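>>> Structural data only, the sequence is not supplied:
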């Protein structure tokens, strides 16, 4: 026999917070789906995590593999595997670190950079499409509320 637990707080505020949670989950799901489409646009043979690495390299430039792994929150072996694939596909290049000739620096190749830009353009177009028709006042209010929410 199953019993439904009563709502511990049936207040209007509680209902609004639950509704907000539903909308935030929808936003996160849509964002994940867009990230996967962007990753496929970057390169269809690679996992979405490779696009995450490529975006980081695009934003921050050449770095040691260990620094990339730490920055993107992945373990070194997974990062190394993905960067190996990206090198074989001509998306990433490596060169000796001028400050430590034993270490290497990884960076996007010109092809990799072009692929990141194309994938980011796809993301930007999808984002703009969702905001088409919004007034500047709506955009300002939404941005201010998100900033306030994200500040914790």
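It's in. Every value quoted in this text rests on a predicted model; they were computed, and no experiment measured them.

>>> May I see the buried residues of the one helix or strand residue 116 maps to?
Secondary-structure assignment from DSSP states H and E places residue 116 in helix 110-131. Across helix 110-131, burial judged by 16 or more other Cβ atoms under 10 Å covers 112, 115-116, 119-120, 122-123. For glycine as for every other residue, the C-beta is placed from the backbone atoms N, C-alpha and C.

>>> so which of these comes closest to residue 12?
Closest approach to residue 12 among the buried residues of helix 110-131 (Cβ to Cβ): residue 123, at 36.5 Å.

>>> That closest one and residue 38 touch, don't they?
Yes: with contact defined as Cβ atoms under 8 Å, residue 123 counts as touching residue 38 (4.9 Å).

>>> Mind listing residues that contact the longest strand seen in the chain?
Longest strand in the chain by number of residues (criterion: DSSP state E): strand 100-108. With Cβ atoms under 8 Å, 6 or more residues apart in numbering as the contact definition, strand 100-108 has outside contacts at 54, 57-58, 61-65, 68, 83, 91-97, 116.
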